[in-house]
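K.L.:
Pasting the sequence and the predicted coordinates here, then a few questions.
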Amino acid sequence: MTAARVFLVGAGPGDPELITLKGRRVLESADVILYDHLAPVSLLDLAPPHAERIYVGKKKAIHEFSQAEICAMLVKHALRGLTVVRLKGGDPYIFGRGGEEAEALADAGIPFEVVPGVPSPLGIAAYTGVPLTHRDHTSVVTFVTGHAISQIDWDKVGAAETLVIFMGLTNFPQIAAEIIARGRPPETPAMAVRWGTRPDQETLAGTLASLPGLIAQRRMKPPATIIVGEVVRLREKLNWYERLPLFGSRVVVTRARSQSGDLSARLHSLGADVIEFPTIEIRPPVDWSPMDNAIANLSAYDWLIFTSANGVRYFVERLEGSPRDLRSLRARICTIGPATRRAVESLHLKVDLMPEEYVAEGLLQAFKPHEIAGKRMLLPRAAVARDLVPAELTRRGARVDVVEAYRTAIPEDAAARAQAIFSSGRKPDWITFTSSSTVKNFLETAGRDVLDGVQIASIGPVTSATIRKHGLEVTAEASPFTVDGLVEVVLAYSRH
């Protein structure tokens, strides 16, 4: 069998958004991914569902596989004719042992490509406000590993204007002593950065003389990178990342995985450590016949009412699979909020009515000026939803057909994810709920007790009522009742 190509991909220093466009494209076509401890796990979601994901470890002194075994695995999977991605933290060729893996592939006659990544010191420089070069301070940068101290010529290395030390945290007291003994002033600025470019980035700044003690006092653990030089003085002035308003805050997003992207991206851009914990999975109806009957008589409806973007999506997908298309639609269109409106407008359809408040009560208020007695209305929505809208419109004389467009379920891996999030390490600072279903499903999966000490943000009054019904306190409620409103209210409370 002809061997497929192998890609050695640099995942960057930690922030998953720092991967290159080519790196993303390669992951999207992968059949097998061998990934490191330092590669952002969220990048694995870019791969197709069928792709095999293999963790090869390489924490300090804890190796899932030896380097020789990893090289052999790359060759073995490539010889099966698969597209293989070796996903490595930072850059493959900067202390990433990518050279050894490339040699193994070349020796086996397997074609490969190297996709560069942002090396950790470049990411740290950007995210801590410490440029590695600066016209007023330094024009020379030296990279060195801190493993084998005795094998390094500290007379040359220690004099570097900017010195970047990889994997040197444990040995830094000896390294600092070596550098000072060779004439570097003890007061030379120095800093250590753990998990650089991530929301849990930890930075210790001091001097060559004081930093070893600060590391011991803080009990900082690997992985960390150390920078020594005058450029460290610029940190106080240029440190933009750690000043983001939500930096360091852990925020749980409970929306369905397919819908969490916008909320997660907004929170991440503000510095938050976003934990995606989908409590809802969107699935098609058990029985399509009510929807199919409605589509077959689409021209008979005067109003088409959408209360969610999911309703729009599933309605349109079913319409596309029928003998009809949007030309059969003569109804006026009502949407409950801006996200649903955007879903309709993406179909090049106009929205005729949208309430000022994005809840069922607001929708009914929006219909008050309209004569609806005798009008036929189609409402494609979730299998389980409030009956307020169809009941009230029917009371006012409308003929309302409620059809199931989709249903929600608890994801199969929800319990395991809850255990991982709430039973290890530091608790989240916030949890966000965007519907009553997210609240109920979360409590069924994880229970109430895990939310002790966690601030709760609700997207609106209906969701807040559900939260309070279960004996929990709402810390903040969005206004307007949108994802943007939810982000703004979390931001406002965090600034207090």
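P.N.:
Everything's here; your move.
K.L.:
in terms of contact, does residue 384 touch residue 406 like I think?
P.N.:
No: contact between residue 384 and residue 406 fails when scored by CB atoms under 8 Å: they sit 10.6 Å apart. Quick note: C-beta positions are derived from backbone N, CA and C, even for glycine.
K.L.:
Please say which of these two ends up with more neighbours.
P.N.:
In this view residue 384 and residue 406 are compared by other CB atoms under 10 Å, and residue 406 has more residues nearby, 20 against 11.
K.L.:
Skipping adjacent residues, who's closest to that one in space?
P.N.:
Using CB to CB, 6 or more residues apart in numbering and skipping the chain neighbours, the partner closest in space to residue 406 is residue 314 (4.6 Å).
K.L.:
ok, the one you found - contacts?
P.N.:
284-285, 291, 380, 405-406 (CB atoms under 8 Å, 6 or more residues apart in numbering).
K.L.:
which SS state does it fall under?
P.N.:
Using DSSP: H, G, I helix; E, B strand; the rest coil, the structure places residue 314 in helix.
K.L.:
Please report how far it lies from residue 281.
P.N.:
Distance of residue 314 to residue 281, given as CB to CB, to the nearest Å: 14 Å.
K.L.:
now swap in residue 125 and tell me
P.N.:
When distance is defined by CB to CB, residue 125 is 41 Å away from residue 281.
K.L.:
between the two, which one's more packed in?
P.N.:
Each of residue 125 and residue 281 has its neighbours counted (other CB under 10 Å); residue 125 has more, 25 against 17.
K.L.:
Is it correct that the more buried one falls within a strand?
P.N.:
No: counting by three-state DSSP, residue 125 falls outside a strand, being helix.
K.L.:
So which of the contacts of residue 314 are in strands?
P.N.:
Applying DSSP state E to those, the entries found in strands are 380, 405-406.
K.L.:
Minimum pLDDT in these, which residue is that?
P.N.:
pLDDT across these is lowest for residue 406, at 92.
K.L.:
any idea how far residue 311 is from that residue?
P.N.:
7 Å.
K.L.:
next one: residue 440
P.N.:
According to CB to CB, residue 440 and residue 311 sit 19 Å apart.
K.L.:
hang on, the earlier thing: now the common contact residues for residue 406 and residue 311.
P.N.:
Joint contacts of residue 406 and residue 311 (CB under 8 Å, 6+ apart) are residue 382.
K.L.:
picking that back up, name the residue in residue 440 and residue 311 with the higher neighbour count.
P.N.:
Ranked by neighbour count (other CB under 10 Å), residue 440 and residue 311 place residue 311 first, with 26 against 20.
K.L.:
What pLDDT is listed against that one?
P.N.:
Note on residue 311: pLDDT of 94.
K.L.:
List the buried residues of the one helix or strand it maps to.
P.N.:
Under the criterion of DSSP states H and E, residue 311 resides in helix 309-320. With burial defined by 16 or more other CB atoms under 10 Å, the residues of helix 309-320 counted as buried are 309-316, 318-319.
K.L.:
mind putting those residues in CSV, distance to residue 343 included?
P.N.:
Conversion of the buried residues of helix 309-320 to CSV gives the following (distance: CB to CB, whole Å):
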residue, distance to residue 343
309, 4
310, 9
311, 9
312, 4
313, 7
314, 11
315, 10
316, 9
318, 15
319, 14
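K.L.:
of those, closest to residue 329?
P.N.:
Closest approach between those and residue 329, by CB to CB: residue 319, at 8.6 Å.
K.L.:
now that closest one, nearest residue through space, not along the chain?
P.N.:
Using CB to CB, 6+ apart and skipping the chain neighbours, the partner closest in space to residue 319 is residue 295 (5.6 Å).
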